[in-house]
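J.: Just to be clear, the model below is a prediction. Sequence and coordinates:
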Amino acid sequence: MSVLLTGGLGYIGSHTAVELLQSGEDVVVIDNLSNSNIKTKTNIKKIASEKRKISAKNFKVYIGDLRDTNLVEKIFTENKIDSVIHFAGLKAVGESVKKPLEYYDNNINSTLSLLKAMNKFKVKNLVFSSSATVYGQAKSMPIYEDFEVGATNPYGRTKLFIEEILKDAYAADSTLNIAILRYFNPIGAHDSGLIGEDPNGIPNNLMPYISRVATGRYDHLNIFGNDYNTHDGTAVRDYIHVVDLAKGHLKALKKLRKNCGLQIYNLGTGVGYSVLDLVNAYNSVCGNKVKYIFAPRRPGDVDICYANVDKAKKELGWTAKRNLKNMCKTSYNFECKKSKLK
Ligand code: NAD
Ligand code: UD1
């Protein structure tokens, strides 16, 4: 039996593929390379092979679009899929405001295509990549899973709509097992430096931008806002190492296989750090190369956002292990390695 990873060559998918392969699972990936590179396939195999011999039977990659129902059916026909982890999607908030229809088409229709195939081939287990973005401006901190939801942009709305679609699918078929994972702020890279976050174009998110300043690609970081109601005036987020996050998917899969029904989990560390905390931690590992200036607040940003992670700890037996310094160290290592490789 194999686990199907949609978007498995992307940032979080590739780290999860490594963890799955290393734990003895067979993995099938579908990815259209809209935000990833085929070289990642080789790198996943290379890392996983350090723990286990990986053959074509253990790790297969299909390049194509999840909305292509013929391809999706072919994948389910050619492989014995036991569970699916659904990462595929477009994820840039700003872009989603400019191209809402593209976001709704890609994110929603790819999910429908997947759910129809799962239904046809009687595959019951699904992990879905949701986001802390569904909490919008939360009423208090930390954020619990049962807090009110509401999105402020098309990207966030696709996550909310998909969560609703999954709840309806589960209401119609209670033999489904679905884990909705709401990620907080994934950063960091694999210890090998072979896989990490490498967005196309200018990064919107903080960590990839910092990494590019540290390696000289950009001159300085703009810190958006230093007048927030936080310990140093810069905004606070719950940064989580991508390898910890990937391990959370394995725990969720284990839970699904015990027939858990539909469950929602926050995946974060439960600790908030400010932009300046992150920059200082990064500077301590890269030798103070990250110059910054303060700039106006970014529209739509919240001041503080961090998770309560008790539910994942109690029900999945999962907690994040890596600290901020390790997140910075692995990101810097990946960025340095990548710059030299290019
Ligand atoms: P990513 O862009 O690195 O990975 C997504 C992958 O999906 C890419 O490889 C892309 O090529 C592929 N893809 C997109 N549309 C596709 C389609 N129609 N068919 C086939 N492949 C397709 O993103 P990521 O950071 O790894 O995020 C994975 C998931 O987690 C996304 O759904 C994202 O919205 C969600 N998420 C990410 C973050 C984050 O900060 N990275 C936070 C919360 C939630
Ligand atoms: C972003 C997404 C959110 C998603 C989350 C998880 C936006 C508006 N929101 O949230 O939907 O769920 O990622 O990954 O993109 N910052 C700077 N300078 C920069 C970039 C960022 O100061 O160049 C600041 C931001 O203002 C913010 C913090 O760094 O305070 C983190 O930003 P970012 O990495 O974009 O994540 P979020 O805004 O939390």
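T.: Cool, the structure landed. Ligands and ions are numbered 1, 2, ... in the order given.
J.: Give the residue farthest from the middle of the chain.
T.: residue 227 (29.0 Å; C-alpha atoms, centre = their mean).
J.: Surely it forms part of a helix?
T.: No - counting by DSSP: H, G, I helix; E, B strand; the rest coil, residue 227 is not part of a helix but coil.
J.: quick one, what contacts it?
T.: 233, 297 (C-beta atoms under 8 Å, 6 or more residues apart in numbering). To be clear about C-beta, it is placed using only N, CA and C from the backbone, and glycine gets the same treatment.
J.: for ligand 2, what are the nearby residues on the stretch 151-300 of the chain?
T.: Residues of the stretch 151-300 of the chain lying close to ligand 2 by C-beta under 6 Å from any ligand atom are 156, 185, 204-206, 209, 221-224, 235, 237, 275, 298, 300.
J.: So which bits of stretch 73-81 are buried?
T.: Within stretch 73-81, the residues scored as buried using 16 or more other C-beta atoms under 10 Å are 75-76, 79, 81.
J.: Any chance of those residues in TSV with pLDDT and distance to residue 124 as columns?
T.: Conversion of those to TSV gives the following (pLDDT from 0 to 100; distance: C-beta to C-beta, whole Å):
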residue	pLDDT	distance to residue 124
75	98	17
76	98	13
79	98	16
81	98	10
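J.: Hmm, residue 36 is touching residue 9, no?
T.: Yes - assessed by C-beta atoms under 8 Å, residue 36 is found in contact with residue 9 at 4.0 Å.
J.: neighbour count winner among these two?
T.: Remark: of residue 36 and residue 9, residue 9 carries more neighbours, 27 against 22, as counted by other C-beta atoms under 10 Å.
J.: Residue 37 is in contact with the more buried one, correct?
T.: Yes - using C-beta under 8 Å, residue 9 is in contact with residue 37, at 7.1 Å.
J.: Helices along the stretch 51-200 of the chain, start to end?
T.: With helices called from DSSP state H, counting those that start in this stretch, the stretch 51-200 of the chain shows them at 69-78, 93-98, 100-103, 110-120, 154-172.
J.: residues touching residue 306, list them.
T.: Counting by C-beta under 8 Å, 6+ apart, residue 306 touches 141-143, 184, 236-238, 268-272.
J.: need the residues of the stretch 1-150 of the chain near ligand 2, please.
T.: 93, 131-133.
J.: Go through those and flag which are in strands.
T.: Among those, the members found in strands (DSSP state E) are residue 131.
J.: Adding pLDDT, distance to residue 281 and neighbour count as columns, could you present the residues of the stretch 1-150 of the chain next to ligand 2 in TSV?
T.: Converted to TSV, these look like this (pLDDT from 0 to 100; distance: C-beta to C-beta, whole Å; neighbours: other C-beta atoms under 10 Å):
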residue	pLDDT	distance to residue 281	neighbour count
93	90	24	20
131	98	23	22
132	97	21	23
133	95	24	23
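J.: Quickly check the residues of the stretch 1-150 of the chain next to ligand 2 for the two that are furthest apart.
T.: Greatest spatial distance among those (C-beta to C-beta): 93 and 132, at 12.1 Å.
J.: Can I take it that residue 5 is in a helix?
T.: No - membership of residue 5 in a helix is not supported by three-state DSSP, which gives strand.
J.: For the residue in the stretch 1-150 of the chain positioned nearest to ligand 1, report the pLDDT, please.
T.: Here the stretch 1-150 of the chain gets closest to ligand 1 at one residue, residue 10, 2.0 Å apart by C-beta to the nearest ligand atom. Residue 10 carries a pLDDT value of 97.
J.: which phi and psi does residue 339 have?
T.: With angles defined as degrees, to the nearest 10, residue 339 sits at phi -60, psi -40.
J.: What is the burial count for the closest residue to it other than its chain neighbours?
T.: Among residues not flanking residue 339 along the chain, residue 215 sits closest, at 5.0 Å (C-beta to C-beta, 6 or more residues apart in numbering). The tally of other residues near residue 215 (other C-beta under 10 Å) stands at 16.
J.: I'd assumed residue 337 was in contact with residue 215.
T.: No - taking C-beta under 8 Å as the definition, residue 215 is not a contact partner of residue 337, at 10.1 Å.
J.: so where is the stretch 201-342 of the chain shaky, pLDDT-wise?
T.: For the stretch 201-342 of the chain, the stretches with pLDDT under 70 are 341-342.
J.: Just the buried residues of stretch 269-285, please?
T.: Neighbour-count burial for stretch 269-285 flags 269-283, 285 (criterion: 16+ other C-beta under 10 Å).
J.: how about those, which pair is most distant?
T.: Checking those with C-beta to C-beta, the most distant pair is 270 and 283, at 24.6 Å.
J.: residues in contact with the closest residue to residue 110 other than its chain neighbours?
T.: Once flanking residues are discounted, residue 110 sits nearest to residue 66: 3.7 Å by C-beta to C-beta, 6+ apart. Each residue near residue 66 by C-beta under 8 Å, 6+ apart is listed here: 6-7, 30, 32, 72, 88, 110, 113-114.
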